[in-house]
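Colleague: A predicted structure for the sequence below; I have some questions about it.
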Amino acid sequence: MLLKRSIVLPASKAPAAPSVLPHSLLSACTNVGFTSPPCQTVGEVLQLSHGRSIRAAATNTPYPPPSRVIPTEAPTDVEYDAVVVGGGMGGLATAARLVAKGAKVVVLEKYLLPGGSAAHFKREGFTFDVGSSMMFGMGHKGTTNLITKCLETVGRKMTSVPDPTQVVYHLPKSDRFPKGLNVAVWRKYEEFLEELSQRFPAEREGIKGFYDECWKIFNSLNVLDLKSLEEPRYLLGEFAKQPVACLTLASFLATNSGDVARKYIKDPELLRFIDIECFIWSTVPADLTPMINAGMVFCDRHFGGINYPVGGVGRIGEELAEGIVEYGGHVVYKANVKEILVEGSAEGDRRAVGVRLADGRVFRGKTVISNATRWDTFENMIGADKLPESEKLFRKRFKKSPSFFSLHMGVKAEVLQGEADCHHILLEDWAKMESARGVIFVSIPTVLDPSLAPPGYHIVHAFTPDWIDNWKDLSPTEYEAAKEQLADQICERLEAIIPGLRAATTFREVGTPRTHRRYLNREDGTYGPIPSRRPLGMLSMPFNTTDIKGLYCVGDSSFPGQGVNAVVFSGFGCAHRVLTDLGLEPSWPVLDSAFGKLLSTVRNAS
Ligand SMILES: NC(=O)c1ccc[n+]([C@@H]2O[C@H](COP(=O)([O-])OP(=O)(O)OC[C@H]3O[C@@H](n4cnc5c(N)ncnc54)[C@H](O)[C@@H]3O)[C@@H](O)[C@H]2O)c1
Ligand SMILES: CC(C)=CCC/C(C)=C/C=C/C(C)=C/C=C/C(C)=C/C=C/C=C(C)/C=C/C=C(C)/C=C/C=C(\C)CCC=C(C)C
């Protein structure tokens, strides 16, 4: 095994090897749907700094060639119940829930395929995940398995392969850990606690105390029927059915993970570990990470587990899009929304009535749901001069997180012989945890699903946070050179955990924050919003409704934030709120408006 876990659990504790399906069996399930390049290409042959040359993405030709009809049309002479801008996981989840209730829906996606950051693309026999690769919410029990539930909403089911770990950390060396702090987050909770406690024996009780608090949250979430927190009829119903769970969640709404961690843990090195536990999914340390989100992430990884969808992460979006169409909805690609049409001019009176595409087509709807970031939705599709007050507040409280620099590599399988863990985190210096190009995230999905690469090869997808400003004002030649230089540096660092990586690499494609901006249509290529000051837990995050009537936001700039299962939850909430506003689900209108006012007062004050 080349990516060694430095401390191995006692044999009795070690989990069984993952059930990796044979290549032949997996390829039968693999979808060869339409593809197109989400990353920019880097030329025919790359000269690596250590003297070898490898094939880079040669052309923008989709691989394999498109085999499906790509719908680019939907009727424009009807009024839809909902026009959804963007077919990322947030938009698709909303649309799936809406069509299942009989709503007339059109999803307008700028790109050629569904899924947004959770899509995939194909090159030379490799199927690469665009961004997301660590899938929560794909379990089979409880109520928090939101991806499974969302697929079921439109009659779909997917096969996935269980990951034996959520992630393996390769953290900085210190006096106490001369070989580095190496921790595997095992699928079994007790095994993870044991491994971490072996590293920090004096904190055994504190470790259990902190993570057990997370279970209080998760167990409360996991009995609720998860829908819109902006809908009082539903909320009161859940309070009546599950009073303890709701009160527990309410008590954590304004809490951040760092506060709870410090209640139980004193060791500064262990507190730094809790910071990176949060950072890898929230891109901020524990003090800025809402405790409810930590409860969800730190427990679902052991409850439903991390599961890799067979055929690649992009299959989820493809299945959802097909399901939406089967249920009577429309999903239109190459549909670039330039403007959200708003009638009325006075704040409070304005109403969204449809959208206009770059090619001039107009789609009218009783509601408009934007899966673009709030910055793209308001500044770019409505007008910076028309920002509602609540949006001004959002911009004060939240800023754009960095984007990512990504490296998609095809490597000879020998270099990863015996490797069983899909996700790894590498950090050499704690002081650089929050810096651009500090933490390196690694995903090797072929250890779970070999069908993603040709026989004898693996995929290594490595990415690191980076700012778009680092890529501005470069000539095309400078841009290409900068990409190659940084890619070489990242590969060199990765050799610490994958010796021989550079020599084994046969294919490499590089994406920068500019690539993310261009292909995901996210301002500055941002990964999502992060708090600009200490947040009051989840209270300051906006829900789905906006101050413009009929306009809703879904995705990672709405409650509960970043994460594929998080944006799917945001889609469940959004669809529920829209259905009640359309009269397709029951509500109590008088209570509704009073509750809406109360909620915005609490949020504005928090
Ligand atoms: N960006 C990454 O590299 C990355 C990595 C890991 C995880 N993720 C996760 O992915 C999730 C993002 O999900 P999401 O649903 O909020 O957003 P998303 O960015 O994945 O999807 C938004 C979709 O809307 C489309 N779109 C945007 N503007 C449009 C317009 N004007 N017209 C038509 N289509 C338009 C985009 O093409 C995209 O498909 C987040 O949870 C994030 O944590 C992202
Ligand atoms: C009054 C009122 C309003 C209220 C009352 C009380 C109550 C009832 C409350 C309730 C609440 C709720 C329901 C909530 C919910 C929440 C949720 C669902 C959440 C979720 C979350 C999730 C998350 C956050 C997730 C995330 C994830 C992520 C981000 C991931 C990512 C990953 C990555 C990036 C990593 C990768 C790695 C490598 C590659 C290594």
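Modeller: Sure, I can see it. Ligands and ions are numbered 1, 2, ... in the order given.
Colleague: how about the helices in the stretch 301-450 of the chain?
Modeller: 314-326, 374-375, 389-397 (DSSP state H, counting those that start in this stretch).
Colleague: how does this structure divide up, domain by domain?
Modeller: 23-141+147-158+309-605, 191-308 (automatic domain parsing).
Colleague: first-to-last residue distance for the shortest one?
Modeller: Length of domain 191-308, first residue to last, CA to CA, to the nearest Å: 21 Å.
Colleague: touching ligand 1 at all, it?
Modeller: No - Domain 191-308 does not reach ligand 1 (CB under 6 Å from any ligand atom); its nearest approach is 7.6 Å. No exception for glycine: its C-beta is placed from N, CA and C like everyone else's.
Colleague: how about that domain, does it reach ligand 2?
Modeller: Yes - Domain 191-308 reaches ligand 2 (CB under 6 Å from any ligand atom) through 221, 224, 226, 229, 246, 249-250, 280-281, 292-293, 296-297.
Colleague: which pair in these spans the largest distance?
Modeller: Taking CB to CB as the measure, these span a maximum distance of 29.4 Å, between 246 and 280.
Colleague: just the residues of domain 191-308 next to ligand 2 now: which is nearest ligand 1?
Modeller: Comparing those against ligand 1 with CB to the nearest ligand atom places residue 281 closest, at 7.6 Å.
Colleague: where does the stretch 201-350 of the chain get nearest to ligand 1, which residue?
Modeller: For the stretch 201-350 of the chain, CB to the nearest ligand atom, closest residue to ligand 1: residue 337, 3.6 Å.
Colleague: show me what stretch 96-103 is in contact with.
Modeller: 81-82, 105, 150, 153-154, 320, 323-324, 327-329, 571-572, 575-576, 578-579, 582, 584-585 (CB atoms under 8 Å, 6 or more residues apart in numbering).
Colleague: what parts of the stretch 301-450 of the chain come near ligand 2?
Modeller: Residues of the stretch 301-450 of the chain lying near ligand 2 (CB under 6 Å from any ligand atom): 423, 424, 425, 441, 442, 443.
Colleague: how about TSV for those residues, with pLDDT added?
Modeller: Output for these, formatted as TSV (pLDDT from 0 to 100):
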residue	pLDDT
423	98
424	98
425	98
441	98
442	98
443	98
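Colleague: filter the residues you listed down to the buried ones.
Modeller: Among those, the ones that count as buried by 16 or more other CB atoms under 10 Å are 423, 424, 425, 441, 442, 443.
Colleague: how close does the fifth one get to ligand 1?
Modeller: Right, residue 442. Residue 442 sits 13 Å away from ligand 1, going by CB to the nearest ligand atom, to the nearest Å.
Colleague: looking at strand pairing, list the partners for the residue lying closest to that residue once chain neighbours are set aside.
Modeller: Using CB to CB, 6 or more residues apart in numbering and skipping the chain neighbours, the partner closest in space to residue 442 is residue 424 (4.1 Å). Under DSSP bridges, the beta-bridge partners of residue 424 are residue 168, residue 442.
Colleague: I'd say residue 424 and residue 494 touch.
Modeller: No - Residue 424 lies out of contact with residue 494 (CB atoms under 8 Å); the separation is 9.1 Å.
Colleague: overlap of the contact sets of those two?
Modeller: residue 442.
Colleague: list the buried residues for the helix or strand containing residue 244?
Modeller: According to DSSP states H and E, residue 244 maps onto helix 243-252. Neighbour-count burial for helix 243-252 flags 245, 246, 248, 249, 252 (criterion: 16+ other CB under 10 Å).
Colleague: just to revisit the earlier point, now rank the residues of domain 191-308 next to ligand 2 by neighbours and give me the top one.
Modeller: The most crowded member of the residues of domain 191-308 next to ligand 2, judged by other CB atoms under 10 Å, is residue 296 (27 neighbours).
Colleague: my read is that residue is in a helix, agree?
Modeller: Yes - under DSSP: H, G, I helix; E, B strand; the rest coil, residue 296 falls within a helix.
Colleague: quick revisit: among the contacts of stretch 96-103, which lie within helices?
Modeller: 150, 153, 320, 323, 324, 571, 572, 575, 576, 578, 579 (DSSP state H).
Colleague: just checking, the fifth one touches residue 331?
Modeller: Yes - Residue 324 sits in contact with residue 331 when judged by CB under 8 Å, with a separation of 5.8 Å.
Colleague: what residues do these two have in common as contacts?
Modeller: 95, 107.
Colleague: how about the residues of the stretch 451-600 of the chain that lie near ligand 2?
Modeller: 560, 561, 562, 563, 565, 566, 569.
Colleague: what's the closest non-adjacent residue to the last one?
Modeller: The one in question is residue 569. In space, residue 569 is closest to residue 146, 5.5 Å off (CB to CB, 6+ apart).
Colleague: quick one, what contacts that neighbour?
Modeller: 93, 137, 226, 565, 568, 569, 572.
Colleague: what does residue 525 give?
Modeller: If a contact means CB under 8 Å, 6+ apart, then residue 525 has 403, 404, 468, 512, 513, 514, 515, 516, 517 as its contacts.
Colleague: circling back to that earlier point, so between residue 324 and residue 331, which is more surrounded?
Modeller: Ranked by neighbour count (other CB under 10 Å), residue 324 and residue 331 place residue 324 first, with 30 against 27.
Colleague: which pLDDT value goes with that one?
Modeller: Confidence at residue 324, expressed as pLDDT, is 97.
Colleague: contacting residues around it?
Modeller: So residue 324 contacts 92, 95, 96, 99, 105, 107, 154, 331 (CB under 8 Å, 6+ apart).
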